[in-house]
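*Asks:* Coordinates only, no sequence provided:
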């Protein structure tokens, strides 16, 4: 990204977070009595099914996909709201969750949890309406640092509110006295309260109007540059991810199907699903032109198709795609893609329709 | 622009909400016209009054909201002052409606077929069998596979995208000449969104139906609308052909709005930022409602409210475009 500040290119040693073959299944079986009496089988929803990725220090990794692809489950796995069914999550080398977590150093785990915070989509639901803003922002400080003098907490809360573009005097107000964009600033201030290194942002601007979204995105980038933060930025909005992310992962039915630096992903997509998503995005430059609509819908995640989950919608699918699950493999233009067609060189040149 | 007489003409529409603390004016002096077969986009941020404009036209304002002034003329007939029953006959027959959430537009207790047949028979003189045949044809037309079988399914048996197709079939059931589509794709995933937009465009071209497309998504407007009206704090601040408004906006608000939209093609370090937020209806500033956030505001903007003035290829409510500077 020419205009952007240089980021570590992902050399060895600056890995912050690693997911290795992480999966999370949800048991959505009918109740026990129905299973016994009506002989209904157990049903497992594989929300995340074998995701491996690394997030480097100081970068923004974007994660995109349609509803139900598992991107929010990945966020919740990372911050520990869910335990993985399989696989390992490491933070700065310490096993946080999954295999080996019980044997890992508890102190390192606690430090890792402290340096990780989450920002949620809905700033109306994620702030307690009965608490004053100063108490909302101070809560993580009180929880994680215990007995801190009130004057010191107040000073830090004031500084945090200023950092996100609010006034220290706003601390005595309640969340309902703020607009959606201001509430999201409060969420960011709360997340920054304990000086985290890593923020997991789950659709942080999806509930906001575009002009307010621009304010929040600009703020997030300023804070990243000033504080050296690392972001996992989850969104269904490709344009937002294109703007904010250094690298982007595309998810489909619980798996990462393509992972690449942002410019490479948007200019030379190597997975047919990524191409389909990019073609479907409405863009302002499209006035008067119509985008190519994509046939079909995301299959039922309870009954995913065998082989590559995308094959029923894929124009390049062949017998191998219908039987064998493709793995993420490095591709010649950079990044990784999980596609047999890309691996076998069957991928046609992409006709770029954009002006 | 168009030699045809307008299908819908809205003049000086004003929607008010009387409250204990005084009357809130949610839609202020809004005027526009839609030609037959034309798609007029209405964009704006939450609270700009775009949905209320649509609701006022089809007579579905929630009380205590009411049309306080202005006229709505559909094909030469004034419809804003009709009694409830007369308006009910126009809804569905003359004006179809598509709302954001397809699940709330459909009755979960009836099959989709029954709902479409009921709508057809309410408005058109058809037998049960004829209406059912038309319902199947409509479902086929909106791209529902195996329509003859799916017609007897309930709304919950359809996916979100398919449900929105059913809602479109329902809106088209009585062959209306105008469709009011309020955020029709907002609840849908991007790949499904593209399918629905294409469908809507194709159907309107085939049937010559005009559309009032209300959305906050500029991308959807860009590829669908012929003209677009930008609303801010209850007023239209700019209206014109869609390419001009998007690529050569004349009102400082539109300029800021376009700059704040991230794109998948260009790379920018910062998005244009309009500081502050839209005023609440209880505290709309005097003069131009945008003046406290406007980077180019001058004295006149703070005291006098601008009307829509010709500006470039569009019309903008901004004193920068006044012919004689005051």
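*Replies:* Looks like it came in fine. Just so we're clear, the structure is a prediction, and the values are computed from it rather than from any experiment.
*Asks:* Output the set of residues of the stretch 51-200 of chain A in proximity to chain B.
*Replies:* A:66, A:67, A:179, A:180, A:181, A:182 (CB under 8 Å from any CB of the partner chain). Where C-beta positions appear, they are placed from N, C-alpha and C, glycine not excepted.
*Asks:* Test my guess that the fourth one contacts residue A:206.
*Replies:* No - counting by CB atoms under 8 Å, residue A:206 is not a contact partner of residue A:180; they are 10.8 Å apart.
*Asks:* returning to what we had before: of the residues of the stretch 51-200 of chain A next to chain B, just the buried ones, ChimeraX syntax please.
*Replies:* A single ChimeraX command is used to select the members of those judged buried by 16 or more other CB atoms under 10 Å in any protein chain shown:
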select /A:66,179,180,181,182
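*Asks:* Identify, from the residues of the stretch 51-200 of chain A next to chain B, the entry nearest to residue A:142.
*Replies:* residue A:182 (22.8 Å; CB to CB).
*Asks:* for whichever strand or helix holds the closest one, packing partners?
*Replies:* Using DSSP states H and E, residue A:182 falls within helix A:180-192. If contacts are counted by 3 or more CB pairs under 8 Å, 6 or more residues apart in numbering or on different chains; DSSP states H and E, helix A:180-192 sits against strand A:116-119, helix A:133-145, helix A:150-163, helix A:210-227.
*Asks:* Identify the residues contacting it?
*Replies:* Contacts of helix A:180-192 with the rest of the structure, by CB atoms under 8 Å, 6 or more residues apart in numbering or on different chains, involve A:117-120, A:123-124, A:126-127, A:133, A:136-137, A:139-140, A:157, A:160-161, A:163-166, A:175, A:178, A:199, A:204-205, A:207-209, A:212-213, A:215-216, A:219-220, A:223, A:227, B:46, B:277.
*Asks:* Ok, stretch B:122-137 next?
*Replies:* With CB under 8 Å, 6+ apart, stretch B:122-137 has contacts from B:89, B:92-93, B:113, B:116-117, B:120-121, B:147-148, B:151, B:169, B:173-175.
*Asks:* What are the boundaries of the helices in chain A?
*Replies:* A:32-37, A:71-79, A:106-114, A:133-145, A:150-163, A:180-192, A:210-227, A:238-244, A:262-267, A:272-280, A:319-323, A:340-344 (DSSP state H).
*Asks:* could the ones you listed go into TSV alongside mean pLDDT and distance to residue B:242?
*Replies:* Shown next, in TSV, are those (pLDDT from 0 to 100; distance: least, CB to CB, whole Å):
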stretch	mean pLDDT	distance to residue B:242
helix A:32-37	88	54
helix A:71-79	92	32
helix A:106-114	85	50
helix A:133-145	91	41
helix A:150-163	92	40
helix A:180-192	91	27
helix A:210-227	91	17
helix A:238-244	93	18
helix A:262-267	93	24
helix A:272-280	88	20
helix A:319-323	92	40
helix A:340-344	90	37
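*Asks:* now the ones you listed as a markdown table including distance to residue A:93?
*Replies:* Formatted as a markdown table, the helices of chain A follow (distance: least, CB to CB, whole Å):
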| stretch | distance to residue A:93 |
| --- | --- |
| helix A:32-37 | 42 |
| helix A:71-79 | 15 |
| helix A:106-114 | 8 |
| helix A:133-145 | 21 |
| helix A:150-163 | 29 |
| helix A:180-192 | 23 |
| helix A:210-227 | 22 |
| helix A:238-244 | 27 |
| helix A:262-267 | 27 |
| helix A:272-280 | 31 |
| helix A:319-323 | 37 |
| helix A:340-344 | 31 |
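*Asks:* Since that was my last question, I'll sign off now.
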